[in-house]
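Enquirer: sharing a sequence plus its predicted fold:
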Amino acid sequence: MEQPAPRPAQPAPTPRPTPLPPAPARLPLAELDDNVDTEDDEDHVGSLHRGRELATSTDLTRGELLETTGLTDSQLDALESFGIIVALAGDDGRTRYDDEMLAIAELGAGCYRRGIEARHLKMYWHFAEREAALFTQVLLPYVRQRNPASRAKVQGELEELARLGRRLRTAMLRRALRSTLTE
């Protein structure tokens, strides 16, 4: 009996490379990192005293506010019902909106476009009230002094506290997003 011819030795199979796990999701958090130190005029608290500013302030009717911001009637109603936007009574008895309400309405419109409604924005109002109460406790001793130097100190300290608060919120938001939205 003849033995079959030996088969030529085949090279050992090359191990397939193990696929790398998918890269963790990367969020555009660099923008938050980049903007921590930037100053923006909209981020300044501004003067606490509204004397002459009121005369030069934006004075928009409801229709003008809606047209300027792109909000709908129902969206503005919701923002007003939650106390986020407060209308002022104009000299002619018509409802008016000033610069602050315009800025809030523009930000609210941006939130609406991204699926965030007025009821969600209420948390920002609550936070602003709490932050204002904290700043008031810190600054009240200067306010009670009632002299020009202490008034200037109040304004400077308020701007610094607001800047620090904004940077702290941004850093904490970045940390929270990294822990919840990255794998």
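Expert: Cool, the structure landed.

Enquirer: buried residues, stretch 121-140. List them.
Expert: Of the residues in stretch 121-140, those buried by neighbour count under the rule 16 or more other Cβ atoms under 10 Å are 121, 135, 139. C-beta here means a position set from N, CA and C on the backbone, and glycine is covered the same way.

Enquirer: wait, the second one touches Arg163, no?
Expert: No: the criterion here is Cβ atoms under 8 Å, and Phe135 misses it with Arg163 at 11.9 Å.

Enquirer: ok so, going back, can you lay out the buried residues of stretch 121-140 as TSV showing distance to Asp59?
Expert: Listed next are these as TSV, based on distance: Cβ to Cβ, whole Å:
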residue	distance to Asp59
Leu121	24
Phe135	28
Leu139	30
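
Enquirer: from those, which ones fall inside strands?
Expert: Nothing among these maps onto strands, per DSSP state E.

Enquirer: in the protein, which spans are strands?
Expert: Here the chain has its strands, by DSSP E, at 88-89, 95-96.

Enquirer: for these, which one sits closest to Asp59?
Expert: strand 95-96 (5.3 Å; Cβ to Cβ).

Enquirer: least trustworthy helix or strand in this protein by mean pLDDT?
Expert: Here the helix or strand of the chain ranked lowest by mean pLDDT, DSSP states H and E is helix 53-56, holding a mean of 45.

Enquirer: against which helices or strands is the lengthiest helix in the chain packed?
Expert: Assignment by DSSP state H gives helix 148-181 as the longest helix of the chain. Secondary-structure packing of helix 148-181 (3 or more Cβ pairs under 8 Å, 6 or more residues apart in numbering; DSSP states H and E): helix 30-34, helix 118-145.

Enquirer: lowest average pLDDT across these?
Expert: Mean pLDDT is lowest for helix 30-34 among the helices and strands packed on helix 148-181, at a mean of 50.
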